[in-house]
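Chemist: can you look at this prediction? I've put the sequence above it.
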Amino acid sequence: MSPSISIIVPVYKAEAYLHRCVDSLLAQTFTYFEVLLIDDGSPDRSGEICDDYARKDARVRVFHQTNGGVSVARQRGVENANGEWITFVDADDYLPQKSLQTMHLLVEKYDTDLVVGATLNDKRMKTIGDELAIADYRKLLIEEKITASPWAKLIRRVLFTPFVFDMPRQIVFGEDLLMNIRLAYQTNKNIAICKDYVYEYVQNQTSCMHTFKMTLDYAEMYFKEKERSVGEIDKDKSVRWSIKHKFRFLEKIIKDCAFSVNRNFYSHSFLKTLERNIAYSHYKCSEYECILKKNHSKYIYIFAYCLKHFIKA
């Protein structure tokens with residue numbers, strides 16, 4: 001019998017926690033699944049561990065490749081998947097035992113192409129109903145007001161067109177959001193919301209999320225890709241929807257001090273575009289956002305941070 005769900009796990013430098021991850025997948029109460037382990041050129045013993053699982057369990061398949069990054073690894077998994085549904089799991093995370101069963105029940109209950117589940121302590125999911133209109137889901141994604149992770153989801157495999165993974169390899173921070181936005185424009189069906197926690201996210205201090213240093217050049221490249229990801233129906237509206245997201249990138253740039261302190265900072269095209277977006281959308285900046293936009297001194301940033309978090313601007 002063909003698997004209903006294909007679980008895709010990109011693997012890179014994961015030998016310390018790979019057993020915990022794969023063991024949690026093989027222990028699922030829902031049994032019609034396959035596991036695709038994508039060894040993304042890992043220099044440690046991760047590839048050997050993957051092969052060992054494949055020898056012991058026919059539900060596990062392994063693919064070895066030269067390092068191409070997590071998006072390339074996910075794409076390799078999707079291209080080789082047999083299941084009608086795709087779910088992604090990071091190698092340092094794991095699934096509660098009933099995760100697949102819980103999400104698959106919603107596939108049977110609702111006419112949907114996408115189930116969005118919750119992680120532990122994800123309070124945002126508690127405020128959403130059992131179904132979400134696709135237009136509302138797209139808006140929440142673009143505004144970053146709903147989880148943009150690749151995991152804790154069931155995605156119908158036919159949504160994965162070549163465009164979903166078509167982004168520069170230099171995009172290594174925030175690529176999950178781009179993938180999810182592109183998937184959201186491949187369907188017009190409502191989204192099924194799973195409020196039960198179906199994914200155990202483990203904080204990894206060596207991950208890109210914690211080590212990446214933001215720059216203005218990266219932010220400019222990223223938001224060009226984000227604009228390209230949005231469907232034509234929402235192109236104009238997404239300009240306003242993305243302004244706060246751009247401010248969050250600017251905040252990270254200043255926090256990381258990942259720029260040269262000189263007058264060229266003010267003339268960078270990313271800031272010029274942000275200025276035009278604000279004017280075009282008649283967006284009213286908060287006092288905190290005004291400080292971020294007009295200053296790049298770390299000391300002024302600290303003042304702005306205090307203003308936001310202690311004076312509650």
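Modeler: Thanks, I have the structure now.
Chemist: Asp52 is in what secondary structure piece?
Modeler: Element membership for Asp52, per DSSP states H and E: helix 46-56.
Chemist: next secondary structure after that helix?
Modeler: In the C-terminal direction, the helix or strand that comes right after helix 46-56 (DSSP H and E) is strand 60-65.
Chemist: adjacent strands (with direction) for that next one?
Modeler: strand 33-40 (parallel) (DSSP bridges).
Chemist: angle of the strand it pairs with against helix 46-56?
Modeler: Angle of strand 33-40 versus helix 46-56, following axes from the mean of the first three to the mean of the last three C-alpha atoms, to 10 degrees, is 150 degrees.
Chemist: so for strand 33-40, mean pLDDT?
Modeler: Over the span of strand 33-40, the pLDDT mean works out to 98.
Chemist: and stretch 220-239, by the same measure?
Modeler: For stretch 220-239, the mean pLDDT works out to 94.
Chemist: how about stretch 153-170?
Modeler: Stretch 153-170 shows a mean pLDDT of 95.
Chemist: which residues in the stretch 151-300 of the chain form helices?
Modeler: Counting by DSSP state H, counting those that start in this stretch, the stretch 151-300 of the chain has helices at residues 175-184, 208-211, 216-229, 235-241, 243-256, 264-267, 269-281, 287-294, 298-309.
Chemist: relative to helix 269-281, how tilted is the fifth one?
Modeler: Spelled out, that is helix 243-256. Angle between the axes of helix 243-256 and helix 269-281 is 150 degrees (criterion: the same axes, to 10 degrees).
Chemist: report the buried residues of helix 243-256.
Modeler: 243, 245-247, 249-254 (16 or more other C-beta atoms under 10 Å). Just so you know, the C-beta spots here come from the backbone N, C-alpha and C atoms, and that holds for glycine as well.
Chemist: what's the answer for stretch 71-90, then?
Modeler: 71-78, 81, 83-90.
Chemist: for stretch 115-127, same thing?
Modeler: Neighbour-count burial for stretch 115-127, counted by 16+ other C-beta under 10 Å, picks out 115-119, 122, 125.
Chemist: tell me the one of the residues you listed nearest Val172?
Modeler: Thr119 (21.6 Å; C-beta to C-beta).
Chemist: which of the buried residues of stretch 71-90 fall within helices?
Modeler: If you go by DSSP state H, those have 71-78 in helices.
Chemist: turn these into CSV, columns for pLDDT and distance to Tyr17.
Modeler: Shown next, in CSV, are those (pLDDT from 0 to 100; distance: C-beta to C-beta, whole Å):
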residue, pLDDT, distance to Tyr17
Ser71, 93, 21
Val72, 95, 21
Ala73, 96, 17
Arg74, 97, 19
Gln75, 97, 23
Arg76, 97, 21
Gly77, 98, 19
Val78, 98, 23
